[in-house]
Every structure is written in structure tokens, then in C-alpha cells.
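J.: Predicted model follows, preceded by the sequence.
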Amino acid sequence: MIKILLHVSVVWIFMGIALQAENINNSVLVSKNEYKFRPITNNLNITKKKGDYTLASVFGDAKEVAWAKRFNMVELGNVENPDVTSALLHKKGLLHVKHPIAYDWMPALYYYTDGENRAFVAWLYKNRQTTTLNPNGPFVHCKKNNYDWCQDYYYNLSNKEVLQKRVDDLLTNMKLRGFRGIFFDWASGSYIEEKVYKPMLQNFNKFHTDKTYFDFVSRFYQKLKDSNIFVVTNQGFRKAKYVLPFVQYDMTESYITTDVHKKMKIQLAQKGWVDSVLVTNYYPIYDNSKDVKDSLKFIDMLSVYKKKYKKYGFKNFIYLNYLAPKYIKMYESSLLYKPVKPKNGIYFSYAMAKLADNIVYAEISQNRELERDEVYFCDLGHVLGKRYEKLDALKGYIRFYEKGFVLVSEPYKKELYLKITSKYLKQDTKIYDVYEKKELHSSKNSVTVDLKFEEESFTQKNLPLGRVYLYI
């Protein structure tokens with residue numbers, strides 16, 4: 001009896017220790033004195049990897065092409081562009097990219113009203129009563145964009161001949177131009193559910209009453225998979241069961257950041273006076289979004305899809321975000337601004353996506369040179385843990401990897417020193433703060449980091465941040 005009670009006491013002691021361990025905070029705010037660092041002045045011998053995904057033009061300058069060659073997947077333009085050839089890609093060195101991929105509009109094509117059309121397009125047009133869903137219009141896309149040179153016809157994918165010729169046409173163009181993969185826009189086919197496209201759906205239903213339009217979208221992707229075509233889709237997750245089992249990657253747009261026009265009269269260097277300027281929206285999900293939790297809801301949802309469709313060969317989601325430049329006032333007393341790299345936005349975009357181990361890239365349409373940053377070549381290694389963690393000390397999140405970790409925080413009005421503790425944190429190792437270019441040192445599975453919050457150029461409101469740390 002005494003032995004049993006003793007045993008029970010020991011069990012309760014160990015349980016108490018376990019419970020206490022589980023309740024240890026993963027982070028706490030500390031004083032500046034606990035922040036130990038060493039500036040890095042030389043080039044660190046950090047292991048880098050190929051970037052995952054970017055967009056570039058085959059006809060870009062040497063710097064753009066050199067940047068593109070550092071990635072595994074590069075979207076290089078339209079699949080049917082006659083000016084792009086395998087010889088050109090070879091000359092530019094882009095055939096060494098693992099997946100030089102082409103752009104294609106999945107559900108439709110442009111028929112050029114001047115008569116300059118490829119054989120496949122001419123055949124579709126000639127037989128448009130059965131090969132297209134809008135043989136007599138409406139031509140919604142061309143009209144909406146004021147294109148006076150085209151009519152947009154929507155493939156009748158339920159027509160077996162159309163389906164086969166469509167795949168054959170893609171394969172022919174890919175071979176001619178040296179592409180090893182295709183990115184499909186409007187990939188899910190959900191356009192057909194919009195009111196303006198009702199005539200197309202009505203025409204489809206005349207051909208089929210027993211199957212949905214999406215059944216044939218799915219059949220199209222199945223045929224591509226059977227033909228060993230590497231496919232990236234744009235928002236295929238919107239019709240996940242019809243698309244994701246047959247493709248390798250799916251893209252989201254503007255789920256973490258986006259660029260929006262802001263009306264204001266300012267002067268931009270080398271451009272002059274403008275009445276509006278592009279700025280970055282860090283909370284792009286809803287009109288009333290005010291924190292990153294709205295983005296995380298969608299990231300969590302897509303994480304479920306990623307796990308569900310992995311068994312079919314689906315690999316990952318690509319988060320394509322849009323950023324405006326950061327604007328630096330050139331003179332205190334004037335309204336003259338200079339656009340520079342939005343480093344804060346690039347790192348926030350990157351770290352948010354890496355909370356769920358996703359691929360990410362941020363495009364700056366106003367000046368593509370400003371988007372180029374070495375963060376895309378960080379080798380974080382394998383992800384650790386089942387999911388990201390909420391930080392106890394502030395409104396933020398953290399995710400650990402084999403070779404480092406990423407951190408995201410909502411904005412704060414002052415500089416913060418955050419002590420992070422985790423079983424995943426390598427003990428007594430040097431840590432490289434990629435953003436600040438500083439060497440930190442961990443001890444007893446803890447490290448203290450410095451969080452400086454950048455102000456928005458025009459409102460002076462503090463911005464959320466993202467940080468990346470690597471073990472060295």
C-alpha cells in the first residue's frame with residue numbers, strides 16, 4: 001500500500017513537471033540589455049538554395065534574365081508567342097531552369113478579327129457552333145477591356161475533338177518554344193458561374209444535362225496529367241476536387257499583400273507630379289481587415305487542401321503578392337519622393353507564407369528591379385511541428401524549420417526586444433538575422449531578437465513585419 005501511494009506521488013510529481021513545461025511561455029518581452037548581437041560585415045558562408053517561383057520576360061535585360069535563372073520555376077510569357085523559340089531560351093540560358101513555364105488562358109482564346117490566326121484557332125472558329133460555348137457572342141472579355149482587335153471564344157471542353165486538339169496544340173507550342181510547364185489563368189473555370197457568362201453556361205447545358213461544366217474542366221487537367229505536362233494553376237482551389245488532384249502547384253494572388261491606388265498629389269523622382277500613387281495594403285482580404293488573422297484563415301484553409309490532395313501528387317501553394325515601392329522623402333520641406341525597395345513588405349510577404357511552409361513571391365509591377373531580394377534563396381530546410389505557433393508576448397506568430405525560423409508580428413509603436421524559447425530552437429548556436437544582417441547567439445533553447453517597426457511613408461502608421469532567421 002505504501003509502495004502504491006509512493007508510486008502515485010511520483011506520477012503526480014512528474015505530471016506536474018510536464019504540465020509546468022507545457023505552460024512555459026514561448027516568448028516574453030525583455031529589456032534591451034538581453035539583446036546580444038554582432039554586426040555582419042563580411043559575406044557569410046550561408047547555404048543557399050534555388051528560388052522557387054518568379055515571373056520574367058524572355059526579352060528582359062541581362063539583370064532580369066540572370067535573376068530568373070536563380071529560380072526553379074519561371075513564368076516566361078504566352079505559350080503561343082511566335083517570337084519565343086527554344087533557340088532563344090537556349091541563347092538566354094533559360095533552358096537550364098528546371099521549369100521554364102508558359103502562360104495560357106485556360107477556358108478561352110482570342111480570335112483575331114484581322115484574320116491572322118493559328119490553324120487551331122481557325123479550325124475552332126470555322127466549327128464554332130459545336131467547338132465553342134459562345135459561337136455568336138457575347139464577347140465579354142474583349143468588350144470589357146475595350147479590345148477592338150479580338151473576339152473571345154470559350155472552349156466547349158465536352159467536345160472530345162476540341163479536348164484532344166487543345167492538348168495537342170499546347171504540346172506543339174511548348175515544344176516549339178522550349179517550355180517545360182504551363183501556368184493556367186482562370187484555372188478553376190468558375191467564371192462560368194458569373195451572371196455575365198450565363199449564355200455560355202446555357203449553351204453548355206444544351207450539350208450536356210448529365211454532367212457539369214467542371215466535370216470537363218477536370219477531364220482537361222486529367223488529360224494534361226496523363227500527357228506528363230507540368231501544370232501550375234491560378235486559384236484552382238476554388239474548385240479543388242476538379243483541379244488539385246491533377247496539378248502540381250496552385251497559385252493565390254494578393255492573400256498576404258496587394259498594391260492599391262491612393263489619391264494624393266505628390267512629386268515622384270524622375271516622373272514628376274502625380275495625382276495618385278500605388279501603396280501597399282498589408283490587410284487585403286476584406287475591406288475592413290485590420291490584422292493578419294484574416295489572411296491566416298485562408299492560409300489555414302489551403303493548408304488543409306494541401307494535405308488532402310498530396311496523395312494525388314499535389315505539392316504546394318504559391319502565394320503571389322503585390323507590393324508598391326517604399327517612398328523616401330528626398331527633402332524634408334518638399335513633396336518630392338524617391339521609390340525604393342519595400343524591404344519590409346518583401347519580408348512580411350515571405351514570412352507569412354512560410355508560417356505554413358508555402359512558396360511565395362512578391363511582385364512590384366511599378367519597378368520589377370525593386371522586388372529582387374536574397375531572402376528567396378534562404379535554405380530553411382524541413383518544417384518542424386504540426387503548424388505555426390502564436391507568440392505569447394505579442395500579437396504575432398512563429399514557425400520553426402530545420403535550419404532556422406520565421407516570425408510575423410502586428411505593428412507596435414515602439415521597438416521591442418523579444419526573447420523566444422522553444423524546444424525546436426537549436427541550443428548554443430549562432431543565428432543570422434537575415435533582415436538586420438546581424439549575428440545573434442542562443443542559449444538554453446532561447447534567443448532574443450530585435451523588432452523595429454517601419455512607418456508607412458504617407459500616414460506614418462507603423463506596419464506589420466516579417467523576419468527570417470537562419471542557423472549558422
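T.: Now that the structure is in, tell me what you want to look at.
J.: quick one, phi/psi of the closest residue to Pro339 other than its chain neighbours?
T.: Counting by CB to CB, 6 or more residues apart in numbering, Pro339 lies nearest to Pro325, which is 3.5 Å off, once chain neighbours are set aside. Where you see a C-beta, it was placed from the backbone N, CA and C, and this is true even at glycine. Dihedral angles of Pro325 (phi, psi; degrees, to the nearest 10) stand at phi -60, psi 160.
J.: Mind giving me the packing neighbours of the strand or helix carrying Met352?
T.: Here Met352 sits within helix 343-354, counting by DSSP states H and E. Counting contacts by 3 or more CB pairs under 8 Å, 6 or more residues apart in numbering; DSSP states H and E, helix 343-354 is packed against helix 293-309, strand 316-322, strand 326-329, strand 359-363, strand 404-409, strand 465-471.
J.: list the contacts for the residue nearest to Pro339?
T.: Leu278, Pro339, Val340, Lys341, Pro342, Ile364, Gln366, Asn367, Leu370 (CB atoms under 8 Å, 6 or more residues apart in numbering).
J.: what pLDDT does Lys48 get?
T.: Predicted confidence (pLDDT) for Lys48: 91.
J.: Run a quick neighbour tally on the closest residue to it other than its chain neighbours.
T.: Spatially, and ignoring its direct neighbours in sequence, Lys48 is nearest to Phe377 (4.3 Å; CB to CB, 6+ apart). A count of nearby residues for Phe377, using other CB atoms under 10 Å, gives 15.
J.: Distance check, Phe377 against Glu75.
T.: As judged by CB to CB, to the nearest Å, Phe377 and Glu75 stand 18 Å apart.
J.: Helices of the protein, start to end?
T.: 2-22, 62-68, 86-92, 119-126, 128-131, 140-144, 160-177, 198-207, 213-226, 240-243, 293-309, 343-354 (DSSP state H).
J.: before we move on, back to that, can you list which of the contacts of Pro325 are found in strands?
T.: Using DSSP state E, the subset of the contacts of Pro325 located in strands is Leu278, Pro339, Val340.
J.: I'd like to know how many residues surround the residue lying closest to Leu451 once chain neighbours are set aside.
T.: The shortest distance from Leu451 to any non-neighbouring residue, by CB to CB, 6+ apart, is to Leu416 (4.5 Å). Neighbour count for Leu416, taken as other CB under 10 Å: 18.
J.: contacting residues for the residue with the shortest distance to the centre of the chain?
T.: The chain has Tyr319 as the residue nearest its centroid, 1.5 Å off, counting by CA atoms, centre = their mean. By CB under 8 Å, 6+ apart, Tyr319 lies in contact with Met251, Thr252, Tyr255, Ile256, Ser349, Met352, Ala353, Asn358, Ile359, Val360, Tyr361.
J.: Of all pairs in the residues you listed, which one spans the longest distance?
T.: Met251 and Met352 (15.4 Å; CB to CB).
J.: of these two, who's got more company?
T.: Relative neighbour count places Met352 above the other of Met251 and Met352, with 27 against 23, counting by other CB under 10 Å.
J.: list the contacts for the residue lying closest to that one once chain neighbours are set aside?
T.: Setting aside the residues directly before and after it, Met352 is nearest to Ile256 in space (CB to CB, 6+ apart), at 4.6 Å. Going by CB under 8 Å, 6+ apart, Ile256 touches Pro284, Ser295, Tyr319, Asn321, Phe348, Ser349, Met352, Ala353, Val360.
J.: How about Phe139?
T.: Going by CB under 8 Å, 6+ apart, the list of residues near Phe139 reads Cys150, Gln151, Asp152, Tyr153.
J.: so where's the stretch 301-450 of the chain uncertain?
T.: Scanning the stretch 301-450 of the chain for pLDDT under 70 picks out nothing.
J.: same thing but 80
T.: The stretch 301-450 of the chain contains residues with pLDDT under 80 at 427.
J.: picking up where we left off before, so which of the ones in strands among the contacts of Pro325 wins on neighbours?
T.: Neighbour counts for those peak at Pro339, which has 21 neighbours (criterion: other CB under 10 Å).
J.: Now do the same contact list for that residue.
T.: Contacts of Pro339 by CB under 8 Å, 6+ apart are Leu268, Ala269, Pro325, Lys326, Tyr327, Ile328, Gln366, Asn367, Leu370.
J.: quick one: the fifth one from Glu363, how far?
T.: Tyr327 is 18 Å from Glu363, where distance means CB to CB.
J.: quick one: which of the two has more around it?
T.: Neighbour count, other CB under 10 Å: between Tyr327 and Glu363, Tyr327 has more, with 20 against 16.
J.: Could you measure from that one over to Pro100?
T.: 34 Å.
J.: swap in Glu253?
T.: Distance from Glu253 to Pro100, by CB to CB: 21 Å.
J.: more crowded one of those two?
T.: Neighbour totals were compared for Glu253 and Pro100, and Pro100 leads with 28 against 15 (other CB under 10 Å).
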